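Asks: from the sequence below, what's the structure:
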Amino acid sequence: MAIPSYATRGERIWHYVFLVICGLVFLFLIGPLLVIIPLSFNAEPYFTFSKEMLTFDPAGYSLRWYQDFFTSSEWLNAIKNSFIIGIASTLLATVLGTVAALGLTSRHMPARGAIMALLISPMIVPLIISAAAMFFFFSKVNLAQTYVGVILAHTALGIPFVVITVTATLSSFDTTLIRAAHSLGANPTRTFFKVVLPLVTPGVVSGALFAFITSFDEVVVVLFIAGPEQRTMPIQMWSGIREQISPTILAVATLLVLLSMLLLTTLELLRRRGERLRGVTPG
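Replies: Okay, here's the model as predicted:
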């Protein structure tokens, strides 16, 4: 952004200082990725840059750790569990969270503040407390160390993200469209699918992506509730760091970074689509 011509000398100095500070913060955040990604191609079984890598010798680079990941039954089973649990919990959280958001935006909903606080409490309560509570409850109903138990636990963690994003989208929703649809003879179900849902889809999908990321990256709850058959990829990485130090973890971390970048790009595209639907010009 250009500096205004009327800016004082102090404002110009602060402008450049602010840019330097932002650059340093960005470097601090992105620095670990600049180390992990190159190390995942290390031909040697070490977590340090070899002499060949520092001199850009092709012999120092290899895809052996990616090959180890895609040929390991433990890693493949972990990623399969992560996607099964993540997709199932995301679908449940999206449906329940969207319905809850629709109810919370209704003028006739009593105690909306208390209900909203209850729904987003999994984001506020320390995760270790939620995990311990879920473990004791699921143990009594025989859901501990089962796929159903882990999916329900991740659903509870994902619902707040869906509620917040859908509620934010509905806050700018023109309710006269609903009345217009009713005046034209549309029933509530048809009005929802033909009028409401297309306009709030960006918020619903954004909440679903946040719920999926939360499930895919969750460790604490899985440690309490899951059994050996429900081992997910974060748990596999955590166990690998404690039990066997292998650069395969770096390859997995690089793939997760790429997945995160893909999801963030999708969220940004959905945000811009939502702005166009609401008639807002993207900045």
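
Asks: the most centrally placed residue in the chain: which element?
Replies: Centroid check for the chain by CA atoms, centre = their mean gives Ile213 as the closest residue, at 2.7 Å. Taking DSSP states H and E as the criterion, Ile213 maps to helix 197-216.

Asks: helix, strand or coil for the residue lying closest to Ile245 once chain neighbours are set aside?
Replies: With sequence-adjacent residues excluded and distances taken as CB to CB, 6 or more residues apart in numbering, Ile245 is closest to Phe47, at 7.3 Å. Just so you know, the C-beta spots here come from the backbone N, C-alpha and C atoms, and that holds for glycine as well. The local conformation at Phe47, judged by DSSP: H, G, I helix; E, B strand; the rest coil, is coil.

Asks: number of nearby residues for Val99?
Replies: 13 (other CB atoms under 10 Å).

Asks: distance check, it against Arg190.
Replies: The gap separating Val99 from Arg190 is 17 Å, by CB to CB, to the nearest Å.

Asks: before we move on, back to that, can you tell me which residues contact the residue nearest to Ile245?
Replies: Phe47 makes contact with 39, 245, 247, 250 under the criterion CB atoms under 8 Å, 6 or more residues apart in numbering.

Asks: now the helices: where do they sit in this protein?
Replies: Counting by DSSP state H, the chain has helices at residues 9-39, 51-54, 64-71, 73-104, 112-119, 121-124, 127-140, 147-171, 176-183, 188-191, 197-216, 220-225, 233-243, 248-277.

Asks: ok, Gly97 touching Leu170?
Replies: No. Gly97 is not in contact with Leu170 according to CB atoms under 8 Å; the separation is 11.9 Å.

Asks: and the two? Which one has more around it.
Replies: Per other CB under 10 Å, whichever of Gly97 and Leu170 has more neighbours is Gly97, with 27 against 19.

Asks: what's the closest non-adjacent residue to the more buried one?
Replies: Using CB to CB, 6+ apart, the closest residue to Gly97 is Val162 (2.7 Å).

Asks: again with Ser246
Replies: Gly240 (6.1 Å).

Asks: my read: the one you found touches Ala251, true?
Replies: No. Taking CB under 8 Å as the definition, Gly240 is not a contact partner of Ala251, at 11.3 Å.

Asks: those two: which is more packed in?
Replies: Using other CB under 10 Å, the more surrounded residue of Gly240 and Ala251 is Ala251, with 25 against 17.

Asks: give me the nearest residue to the more buried one, chain neighbours excluded.
Replies: Take Ala251 and drop its neighbours on the chain: the residue closest to it by CB to CB, 6+ apart is Trp65, 4.1 Å away.

Asks: ok, how many other residues are close to that neighbour?
Replies: 22.

Asks: remind me which residues of the protein are low pLDDT?
Replies: In the prediction, the chain carries residues with pLDDT under 70 at positions 1-2, 244, 274-275, 277-283.

Asks: who are the contact partners of Ala131?
Replies: Residues in contact with Ala131 (CB under 8 Å, 6+ apart) are 153, 220-221, 223-225.

Asks: can you lay out these as JSON lines showing neighbour count?
Replies: Listed next are the contacts of Ala131 as JSON lines, based on neighbours: other CB atoms under 10 Å:
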{"residue": "Ala153", "neighbour count": "28"}
{"residue": "Val220", "neighbour count": "16"}
{"residue": "Val221", "neighbour count": "23"}
{"residue": "Leu223", "neighbour count": "15"}
{"residue": "Phe224", "neighbour count": "21"}
{"residue": "Ile225", "neighbour count": "23"}
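
Asks: the residues you listed: which two are farthest apart?
Replies: For the contacts of Ala131, the farthest-apart pair by CB to CB is Ala153 and Leu223; their separation is 11.2 Å.

Asks: picking up where we left off before, would you turn the helices of the chain into TSV with distance to Ile3?
Replies: Listed next are these as TSV, based on distance: least, CB to CB, whole Å:
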stretch	distance to Ile3
helix 9-39	6
helix 51-54	40
helix 64-71	46
helix 73-104	42
helix 112-119	43
helix 121-124	39
helix 127-140	44
helix 147-171	33
helix 176-183	44
helix 188-191	51
helix 197-216	34
helix 220-225	47
helix 233-243	45
helix 248-277	27
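
Asks: this completes my enquiry, with thanks.
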